[in-house]
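Chemist: Need the 3D shape of this:
(2 chains)
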Amino acid sequence: MESNVLISYQSISKRFGGVQALDDVSFSVNKGEIHGLVGENGAGKSTLIKITGGIYIRDSGTILWEGRPIEVYSPLEAERYGISIVHQEIPLCNNLTVAQNVFLGNLITKRFGQPDWDLMEQKTVEVFRLIGQEVDPKAKVGDLSVARKQLTAIAQCLNRKSKFIIMDEPTSALTPSEVKTLFEVLRKLKAEGTTIMIVSHILSELLEITDRITVLRNGRYVNTVNTKETTADEIVHMMVGEITLPPPLDSSSVKDEVVLRVRNLSQSKLRLNNISFDLHRQEILGIAGIQGAGRTELATTLFGVHQPTGGTIELEGRPVSIRSPREAINLGIGYLTEDRRNLGVFWDMSVWQNMSSAVVDQLTRMRGVLDSSRIKDTAERAISQLQIKTPGIHQLIRYLSGGNQQKVLLARWLNAQPKILILDEPTRGVDVGAKAEIRRVIQELATRGLSVIVISSDLEELVAISHRVLVMANGTVKGEFAAQGVTADEVMALAVQK
Amino acid sequence: MQLLGKLKSRREIGVLAALIVLCVFFTVVTNTFLTVPNILNILRQVSITGLIVMFMTMLIISADIDLSVGSTFAAVGMVVAIFYQNGMNIWLASLIGLLLGGLLGLINGLITVKAALPPFIVTLGTQMIYRGFALVVSGGSPKSVRLPTAFYNVTGARTFWDLPVPALWFIGITLLAAFLLHKTSYGFKVYATGGNEEAARLSGINTGRIRIINFVLVGMSAALAGIIQMSYLRGVTPTAGQGMELTAIASTVIGGTSMFGGVGTIGGAFIGAIFMGVVRNGLVLMGTNAYLIDLIIGAVLISAVWFSTFSTRERR
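Modeler: Now for the predicted structure:
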């Protein structure tokens, strides 16, 4: 009898220094299924994927591939077995065309070794047809949207005859309609007999697309459930044990005083057009909108990264022009970036250094000499206030989980003691537990006198934590809601309105 | 202060171990290596380039590079010598020389940052321009100087216990650079700029200014090296310092500084500078064929960097 199991993990363990990333994890993925893998940041999902793909070597345990034990020491060997990983950061060559990327490392050549581009372009179109997509094989990958890049990466896997495709957070940068397309593609792949494992934080999507879901917690295996027989609540419970929801918002604490008054703000290059709104003291103002609505562009313009081409900004009744991030910080504005990986974290620096980068001039005595005791106090206070899990302030930030990295960046802006804090996707790519804590901190900050602008694509969250929600589309403000009583669906309807 | 201790401890340990192994080897195979005069000699030999290594390290940590230091070195030495020959006070001439070095660095920095050009290309260009300048003002001929004793005593001479004064400058500048990079907010910003320039800018750090100041510091250190060399040799040639930038960069890299920026220490750079000196000195003492020495040093450079990264590379 032929077994239905494609890959079986048996007692996999992996240790990094003092951290047990995986501890005796065992489960199997069946042939032709879509398997979800969930867990908080630091639960061991990425480690497991990287072991499967030959990027890390496990300390102990066995991996059975179609019933036989295998050793995978490099991504190339993984490819040879038919295991492919589509990473969150899609590693394609932006300067090459779609066809060139799809056939990267697999070139079809003519008699004297010249690449046969015509044939490869034709085959690229065929591969895309297989997943129900049309493509221009000559388009430069650098010009494609994230969603199209992802499809190119999938086509690359198909072209390599992958049997097992692992996708790491495939939907985190996609719009809802792009997610729909991706899921259609995945269903097609499944029908063709390809096995897929999806790692994601977005449970509703996993419930929609997967056959079974495996849950990890703190490096240990918790359970594998049939998707049809489970609910989001049940999975969340397996992931975190108990969750704490933020207490309901008390809008009586919002003051009448307007801290930030924006009138007719425009930025022609960023396609921001005639934006007006007020931010009150101690208010949490949510900004909703789909990708490309101009939310991040508005935030960075307020933060002095870009100069407005029209309109006015008033801070506490005083008209200001903000020419650089430094000036914004000095005026009491903080901005937490949405792109933690590229624009936020200093990867070679420690926890305290990452926390201090916006205020390092204040952590000194005698003209510029760092004051180690003040640095230590400040960092340790932030670590305990935000409950950051780190062995110490000198730990390199790269060794922290995503949620803790995000809290360190939040601490960077709290240390700057701003009056206005702009948080751009503060809970993106962050696990459920850290999400709850970050929401708690945001609400706490508002009661302590800060005014907060929150940009989030998670509308349920936005409605839950804001006092008021602005909806943006096409670079301008389409409308606003008092958050109490409004539903995410109503907000979405306005955000996608023509 | 231990705040930056964690960062410091990593790669340099491997190079330090390699340096010790090397010293033991030379001590065994020669009977002149481990003697006080020879150690002082090594210190003096590395001190001129070593002055530049410290600020080159800082510059590479902020993800820039300067290939023009050898030309700045010659140009400044030449200008100071000419001013002195024409009757200017040597102290004043040296001060002008230092400022000229800073100005040449400022030009590098302004072009690199304001025109957003790769520093490799910019300083490759100014390397030739500054060298050309040295050749033009000198008419291509060497200048010799007879310096006042007071000036010679604080730049080129030997002092108590036969210590070479250039070596004292080297150690002093090393301590100064270590303080600046590891104990001040300026040093912090250098790491931030090289580690993630966009994130640094969003943290309100004026990264352009940090990079330009680093170029100025490198230029001034090359000028200081040029003046000290002129004093020690009692003269200067317009072709002096060719290839110096490569020795300086090699020392920096051996000391554990990443060419991608954001990683490195002054302690490591110091070890790297000594390492380069020890290899050359030891090979000479062994009576190695002069033509062979560069070949061996190149191989040692690659092995040392490989050894230090291999020994500290993260386990997969």
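Chemist: in the stretch 51-200 of chain B, which spans are strands?
Modeler: For the stretch 51-200 of chain B, strands defined by DSSP state E, counting those that start in this stretch occupy the ranges B:143-144.
Chemist: Near chain A, which residues of it are found?
Modeler: Contacts of the stretch 51-200 of chain B with chain A, taken as Cβ under 8 Å from any Cβ of the partner chain, map to B:183-186, B:188-189, B:191-192, B:195-196, B:198-200. Glycine gets a C-beta too; all of them are placed from N, C-alpha and C.
Chemist: Restricted to helices, list the residues you listed.
Modeler: Secondary structure from DSSP state H places B:183, B:185, B:186, B:188, B:189, B:191, B:192, B:195, B:198, B:199, B:200 of those in helices.
Chemist: and the gap between the first one and residue A:476?
Modeler: For residue B:183, the distance to residue A:476 (Cβ to Cβ, to the nearest Å) stands at 49 Å.
Chemist: The fourth one too?
Modeler: Noted for residue B:188: a distance of 40 Å to residue A:476, by Cβ to Cβ.
Chemist: Give me the more crowded residue out of those two.
Modeler: Relative neighbour count places residue B:188 above the other of residue B:188 and residue A:476, with 28 against 17, counting by other Cβ atoms under 10 Å in any protein chain shown.
Chemist: which secondary structure element contains the residue lying closest to that one once chain neighbours are set aside?
Modeler: Spatial nearest neighbour of residue B:188, chain neighbours left out: residue A:360 (4.9 Å); criterion: Cβ to Cβ, 6 or more residues apart in numbering or on different chains. Under the criterion DSSP states H and E, no helix or strand holds residue A:360.
Chemist: Residue A:360: neighbouring residues, count only.
Modeler: One way to gauge burial is a neighbour count; for residue A:360, by other Cβ under 10 Å, it gives 24.
Chemist: same deal with residue A:261?
Modeler: By the criterion of other Cβ under 10 Å, residue A:261 has 17 neighbours.
Chemist: go on, the one 4 residues further on?
Modeler: Using other Cβ under 10 Å, the number of residues around residue A:265 comes to 22.
Chemist: quick one: contacts for it?
Modeler: A:272, A:274, A:275, A:276, A:298, A:301, A:308, A:310, A:311, A:312, A:313 (Cβ atoms under 8 Å, 6 or more residues apart in numbering or on different chains).
Chemist: Quick one, grab the pLDDT at residue A:247.
Modeler: In the predicted model, residue A:247 carries a pLDDT score of 58.
Chemist: quick revisit: just the buried residues from the ones in helices among the residues of the stretch 51-200 of chain B next to chain A, in PyMOL please.
Modeler: To isolate the buried subset of these in PyMOL, counting by 16 or more other Cβ atoms under 10 Å in any protein chain shown, use the following:
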select buried, chain B and resi 183+185+186+188+189+191+192+195+199+200
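Chemist: so which pair among the ones in helices among the residues of the stretch 51-200 of chain B next to chain A is furthest apart in space?
Modeler: Based on Cβ to Cβ, the longest span within those runs between B:183 and B:198 and measures 25.9 Å.
Chemist: how close does residue B:46 sit to residue B:53?
Modeler: Distance, residue B:46 to residue B:53, by Cβ to Cβ: 8 Å.
Chemist: can you list residues touching both of these two?
Modeler: Contacts common to residue B:46 and residue B:53, judged by Cβ under 8 Å, 6+ apart, are residue B:273.
Chemist: So those two - more neighbours on which side?
Modeler: Legend: neighbour count by other Cβ under 10 Å for residue B:46 and residue B:53, higher for residue B:53 (32 against 26).
Chemist: what sits against that one?
Modeler: For residue B:53, counting by Cβ under 8 Å, 6+ apart, the contacting residues are B:248, B:251, B:252, B:255, B:269, B:270, B:272, B:273.
Chemist: mind checking which helix or strand residue A:311 is in?
Modeler: Counting by DSSP H and E, residue A:311 is found in strand A:310-315.
Chemist: partners of the very next helix or strand once past that strand in the sheet?
Modeler: If you walk from strand A:310-315 toward the C-terminus, the next helix or strand you reach (DSSP H and E) is strand A:318-320. Strand A:318-320 has its sheet partners listed here by DSSP bridges as strand A:310-315 (antiparallel).
Chemist: In the strand it pairs with, which residues are buried?
Modeler: Burial within strand A:310-315, assessed by neighbour count using 16+ other Cβ under 10 Å, is assigned to A:311, A:313, A:315.
Chemist: and that strand, how far from the chain's centre?
Modeler: In terms of Cα atoms, centre = their mean, to the nearest Å, the centre of strand A:310-315 is set 31 Å apart from its chain centre.
Chemist: Now it: average pLDDT?
Modeler: Averaging pLDDT residue by residue across strand A:310-315 gives 94.
Chemist: And the contacts of it?
Modeler: Applying Cβ under 8 Å, 6+ apart, the contact partners of strand A:310-315 are A:258-267, A:274-276, A:302, A:319-322, A:331-333, A:419-420.
Chemist: repeat that with 7 Å
Modeler: Contacting residues not belonging to strand A:310-315 are listed as A:260, A:261, A:262, A:263, A:264, A:265, A:266, A:302, A:319, A:320, A:322, A:331 [Cβ atoms under 7 Å, 6 or more residues apart in numbering or on different chains].
Chemist: Export the ones in helices among the residues of the stretch 51-200 of chain B next to chain A as a markdown table, with columns for pLDDT and distance to residue A:103.
Modeler: Shown next, in a markdown table, are those (pLDDT from 0 to 100; distance: Cβ to Cβ, whole Å):
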| residue | pLDDT | distance to residue A:103 |
| --- | --- | --- |
| B:183 | 93 | 53 |
| B:185 | 94 | 51 |
| B:186 | 95 | 49 |
| B:188 | 95 | 46 |
| B:189 | 96 | 45 |
| B:191 | 96 | 41 |
| B:192 | 96 | 41 |
| B:195 | 92 | 36 |
| B:198 | 93 | 33 |
| B:199 | 94 | 36 |
| B:200 | 95 | 39 |
